Every structure is written in C-alpha cells, then in structure tokens.
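K.L.:
Sequence first, then the predicted structure:
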Amino acid sequence: MAAGPHTNGVAPAFVERFVKQLNITFKAVKLYPLSSNIPRDNARVALEVLHDILKRFPEVRLEVAKDGLFFESLPVYPGQPAFMAFAREFYNRGLAEVRFHAGTTIEELLRFLSLLDVLPTEITQSGGFEARLWELGVNSISVKEVSTRIVETDDAEEEPAEDWPPSSKLIDDILAEAFGRRPRAERLLTRLVADREALSRYLQAPGPGDVTSPAVVTHRLSALARIGRGEDPGRTNALHERLADAVGTLDTSILREVLARVLAEARHDESLASIVRAMELDDVAANLIGGASFDVHEREEFVRTVRNLVSLGLAPRQATLDAVGSALAEAGADETFTSAVLDDITPSRLRIRERPASNERPVDVVLQLLDVAANNIARGAGGELDTAELAREAAGGISDGDIFGALVTIVTLEDRPAPFASIMAMLEDNLGLLIERHDFDVAADAAEALVQAEQRAGLSDDQRKRLRHAVAQLAEPGHMRIITSAMRLHRSDSREHEACRRLLTVLGENTVSPLLEVLAEEKDMSNRKALVDMVSAIADRFIPELGERVGDSRWYFVRNVVGILGGTHDPKVLPYLARTLRHPDARVRRETLRAITGVKDALAGEMLIAALSDEDAGIVQLSARYLGSHRLRGAVPALTEVARGDGRGNRDAETRIDAIEALGRIGGPDAVPALEQIAKQRTIRAGRTRELRSAAESALAAIRQAGGGVA
C-alpha cells in the first residue's frame, strides 16, 4: 500500500504521533495499574490517532528493528534515544512486526503494552508473545515473531551487505531470522524474489555439506513462500507466482524430485501449496514425468506424487488425470502402460490385504457373498438377480464405487453371522484407505451407509458393535489429521472441503477424542486455532466427553479444552471448570475464569467469588471486575477482604484497586465502612496511598450518587 509522498525519508507525521502516544501509554502502564485512569486516558488518545490512520490504511504495520520502528520501510523518529529504547522493548521480546487492526479497544491496547513490561525469558518460557496475547484475549493486535533470535552484534554486522547477487548463506541467515525484521534485509529479499536469475541461483546453491539436494531446495522455497504471510493478497500471489516460475528454472537433474517433495509437503504446508497452485498443470505433469524410467519403485513414487497433486485441487481430478495421461503419451508411453499407471493413481477397485488365516482367495469370498445376496434378494422380489457383471468386476478386485456400495448394501440385507463377518472384514480392511487417498466423498457415503445399517432391525448386539467400530475406525487421530489438513488447504466452497465437513458430521461423537489428540500434538498456533474452532462448533453436544479431558497432564491442552467448554456458555460445563479453577498452572486458571464469565448461572458467581482467593493477580483482578460489572451483592464480603488487603490470595495494590472499584459499582451500605476506612488511611506503604485513597473516594461518590447509604 502506498503511504503517500515523503520528502524527508521518514514515516508520516500521523504515524509518528501514534508511536509517540504508544510510548507515553507504555510508560503509564509501567507506573500505574491498568485499571487506573492515567493509562486508560493515554490509551484512549492513542486509539483516536489510530482510528484516524485507519481511515487511510486497512491496518497499521510497524516493522521492528534493533534500534527503531519502521512504517513501510520508513523510520519512525530515527536516531532519537527515547524511541530507540521503545523499539528495543519490542526487539528484546522477539517481535519482528506488530499490526494494529480496526476494532482495537483500550483494554486490548493496555494488555498488549503490559506484555512489554514482562521479562523476555518469561515470555519465551510461556510460549512466546503471540501465545501470551491469545491468553489475554487480544485479537485486534497481531504480531510476527522471529523464529531464531539474532545474536546482538554491532550494526555493521547486523545489516546485510549490498553486494549483488547475495550469497546463499546470507539469504539463509535472513530467512532464519524472519522476514521483515530489518528494513534493509526486507529490501534485499524483495529484490531477490524479483530477480529470476538470482532467485534460481539461490535455490540451487549448495546447502549444508556443500551439496545441492531436493530437500535444501524445498526448504528454501517454503521459507521464501512464508514471507508473504499476512501481506496484501495481491503481493502474496505475486510472490508465489515468482516462486512457481523459479521452480521451472531448476536443473532437470533435480527438478522432478523437487516437485515430488514439494507436492508431498504441500499437503501440510499452505505456503508450498500456494506455490503449486500458481503453476500450470500441464507443466507440472510434464516435469514429473521427464527423465523417469518407471521401474517398480519409481512407479510407486510417481503414483504417490500424482495423488498428492490431485489432493491439492490445482485442477479437477479428471483434468489432472488427463494432463498426466497426455504427458505420459508425449513421453512415449503406450496406451496400456498409461492406463495401468492412471488406474494405480485412482484405482477402480480397493485392494484387499492378504488374510493369512484363510486359504480362500478374496475373489472366492466375494463371489460367495454375491450368491448369498442374490438368493436373499430373489426370495424377496420373486425373481433372479443377474450377477454376471458384478462377478466380472469382483474377479479383478472390489471396486471403490458401485461394488463398494454393493457390499454395504449387502450388509443391510445379510444378518447371518458368517457372511456378515466376512463382508465387514473386507470393509474394515479398506475404509481407512479412502481417507488416506483423500477420497473424502466416498468415505462420507460409506460412513452414512454404515450408520444407517446399524439401525436395521434383526442385527445382534455384536453386529451393531462391529458396525460402530467400522465407523469409529474412520475417525482415528491419523485420519483426523488428514481431514483437518485438507480442510485448511482447500477453499471453503470446494467439493473437497464440503466432503470433509460432511464426513465429520457423519462421524459425529467419534471425532471429538481424535480431534483433541490432534490438537494436543499440533505445534503451529494458527493450526491450533483452526482445530479449536472445529471442535468448538460441535462442543455443545459433547460436553461430558470434553469434560473428561480436563484432568490431562498437559497444561496447554487443558487450557484449550477449557476455552472450548467456555465457548458453549452452557451451565453444564461449570462442574468441569470448578476442577480447572484449582489447576496448578495459572494460565489454565486464567482461561477458566474467562470461560466462567461467559456462563449465566448462580454457580458461576460463586466460582468467581472463590477466585478472589487466587495467588495470581490477573485472576483476582478479572474476577473483581466481573463481579462488579454484574453487581453481584453476594460478593461484597469477599471483595471487602480484597479491598482491605486481608484474607488469602493476591493482595497487591492493583488487585485491591479493582476490588474497590467493584464495590463502588455494586454499591449498598455493606461496602461503605471498608471504603471509608481506606479513604482515610495514611499508613499504606509509600507510592500507593494516593491511588488507593482516590479509588475509595471515587467508589464512595458512586455509591452516594446511587443513594447507597453514604452520609
């Protein structure tokens, strides 16, 4: 986005005003509690300036360097010690970029700035700056963090050299440190991506061990693709198009293997997937085939690679297969070979695993089952069933289309133990394959049929149990990982996304535990948020199943479960939240308190009163604010204890001020004596007397105005 004319080479005046007010507010946050008027008034002024800027820009993005902040590569107050020190607060906490979005509130701005007063080691130990923002409920201010801390050196070493083309080691180092951290490094990467020859040379330059390997090239492509995250969509698309073009310039000796590796990793890496989607389908197909000999091993690898290509949705499935078929024909493959390869890619039948316990061939079992079904149907319909066509297909295996549906249909007709068990054995052997091959629509059809089959009269308990087990098999954690990854890769209006959504709906309660396991193991924060949203969408139907997981030993997992439970706003979650309100980790207790505040129930109020005895200041403060805002008169005795500094729990001045303000909002004669006592005190430790007295006087004035018994 253009920032307008800048004749003096520095950031616009309105951006400087915003940063100046941010710095003033930060100093107020360091000196006063967040609930007091001074930081709030300063934050209000900062937001007024921000709102003016947001009339011209969709967001305000500040890049973080060691000795300054930058707006669109233009320095903010360059060389001024006060702002260099302010920028160092961001730098020392591992931030590369900060974005202020529309809708930022005073509370969010104050919470964000309060993190700049937290020790960097504490932020690192608690999962990073972004994780802490999430804990505090800050959604309108986003950050980018460096993946590797930069060793502090002098300025000459910190900035990259301007020699062109740059060395591959320099680019590797910049990418490792995070794009956008330093303006000159950002400019160098931008220039590299725009220079086709330099980009191609960098991708193929020797990596560790002085070798050029497909793994090194793929890693560099992924790192370059990620620098577009969070940028304007037009810029991001242009970046991915340049990277896609650069792939085509790779040496033919590594091109095919690089493409295969990129396609494999793109199933779980959206940045790489975007590069693939910027490629021409015919070029991809031709490059995957170029130079291949297609021995047994190479053919299996090729089939796997094309399946990955199909799953990314670069083009409709049939269009992809047609492109691969054409490329094989142009490479000299005969029609028989091409048909065989395409059938391997999208087989017309499911492969049955060998069953060593039986001497019968699978085809014999299939034909016997078809005979049984024919007899049953014939008896019911008064005629004979022509099985010749089915028998011919069965001789080559079981199809994953009509014949798979026929097998499920037979399950709905056959309740004799032996035939039923034989059919189910074949279904169980192949259901997982549907998901592994990304045939989500077929898997959803199969799951729906099996769920309906379970409702049929005449089945034994064991047979119903086996049908339920077959459906549950589709919801294993490994399968859930594939499904959720596909839902992130495909657009919400795509056929694949719709099939995944339908499959999750059919699997129902079977998905909860596996999705939670995937969530517990997920390292990427954006993926975790997506999984939390996915589970939250069905959480109100599975509160007991979710509640069972609050005893897990992994604190971060419990915190996510608590957030999901809180999102239901259902009083049924309170017994489970009562357990996590006593969790040994304060981060879980804070999440629990936020969850409780969203539930309208008398028990929720009692739990909030109990939280006033917590040792964590944030928990006591949040509880006091909620109790005050909802004017819960039953909380007056407990709030009075906090206001006086008595009783158990955190009793710092900040928590006492929040309790005093809560008493003022609740009102009533019961709160007056304690407030009058605090307003007259003169022996409180230095530095806090005026704040506590002022808060008490304001609370008494509010009660007096409401007619609450103050003389």
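P.N.:
Yep, that arrived. Small disclaimer: the values here were computed from a predicted structure and weren't measured. Residues are numbered from 1 along each chain as shown.

K.L.:
Make sure residue 475 is indeed in a helix.
P.N.:
No - judged by DSSP: H, G, I helix; E, B strand; the rest coil, residue 475 forms no part of a helix; its state is coil.

K.L.:
Please tell me how far the nearest residue to residue 495 once chain neighbours are set aside sits from residue 17.
P.N.:
Once flanking residues are discounted, residue 495 sits nearest to residue 441: 7.2 Å by CB to CB, 6 or more residues apart in numbering. Yep, even glycine has a C-beta here, placed from its N, CA and C like the rest. For residue 441, the distance to residue 17 equals 55 Å [CB to CB, to the nearest Å].

K.L.:
all strands of the stretch 251-400 of the chain, in order?
P.N.:
Remark: strands assigned in the stretch 251-400 of the chain by DSSP state E, counting those that start in this stretch are 349-350, 398-399.

K.L.:
swap in the chain?
P.N.:
In the chain, the strands defined using DSSP state E lie at 59-65, 68-71, 74-76, 95-101, 141-145, 349-350, 398-399.

K.L.:
Send me the fourth one as CSV with only the CA atoms.
P.N.:
Right, strand 95-101. Extracted in CSV, the C-alpha atoms of strand 95-101 (Å, rounded to 0.1, in the frame of the first residue of the first chain):
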residue,chain,number,x,y,z
LEU,A,95,9.0,-9.4,17.7
ALA,A,96,9.6,-8.8,14.0
GLU,A,97,6.4,-6.9,13.3
VAL,A,98,3.3,-5.5,15.0
ARG,A,99,-0.1,-4.9,13.3
PHE,A,100,-2.9,-2.7,14.7
HIS,A,101,-6.3,-3.5,13.2
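
K.L.:
got the buried residues for it?
P.N.:
Using 16 or more other CB atoms under 10 Å as the burial criterion, the residues of strand 95-101 that qualify are 95-98, 100-101.

K.L.:
Okay, now the sheet partners of that strand, with direction.
P.N.:
Using DSSP bridges, strand 95-101 pairs in its sheet with strand 59-65 (antiparallel), strand 141-145 (antiparallel).

K.L.:
And the average pLDDT for the last one is what?
P.N.:
Right, the one you point to is strand 141-145. The average pLDDT within strand 141-145 is 83.

K.L.:
Pull the distance from it to the chain's centre.
P.N.:
Computed by CA atoms, centre = their mean, to the nearest Å, the separation of strand 141-145 from the middle of its chain amounts to 14 Å.

K.L.:
repeat for the first one
P.N.:
For strand 59-65, the distance from its own C-alpha centre to the chain's C-alpha centre is 23 Å (CA atoms, centre = their mean).

K.L.:
Residues touching it, excluding its own?
P.N.:
Contact with strand 59-65 is made by 15, 18-19, 50, 53-54, 69-73, 76, 87, 90-91, 95-102, 180-183, 186, as judged by CB atoms under 8 Å, 6 or more residues apart in numbering.

K.L.:
Check the last one too.
P.N.:
Around strand 141-145, the neighbours that count as contacts under CB under 8 Å, 6+ apart are 94-101, 104, 108-109, 112, 128-130, 133, 178, 180, 229-230.

K.L.:
about what we covered before: pull out the buried members of the contacts of strand 59-65.
P.N.:
Burial of the contacts of strand 59-65 was assessed by neighbour count (16+ other CB under 10 Å); the buried members are 15, 18-19, 50, 53-54, 69-72, 76, 87, 90-91, 95-98, 100-101, 180-183, 186.

K.L.:
any idea of the pLDDT on residue 110?
P.N.:
In this model, residue 110 is scored at 93, pLDDT.

K.L.:
and if you look at residue 106?
P.N.:
Turning to residue 106, the model gives it a pLDDT of 91.
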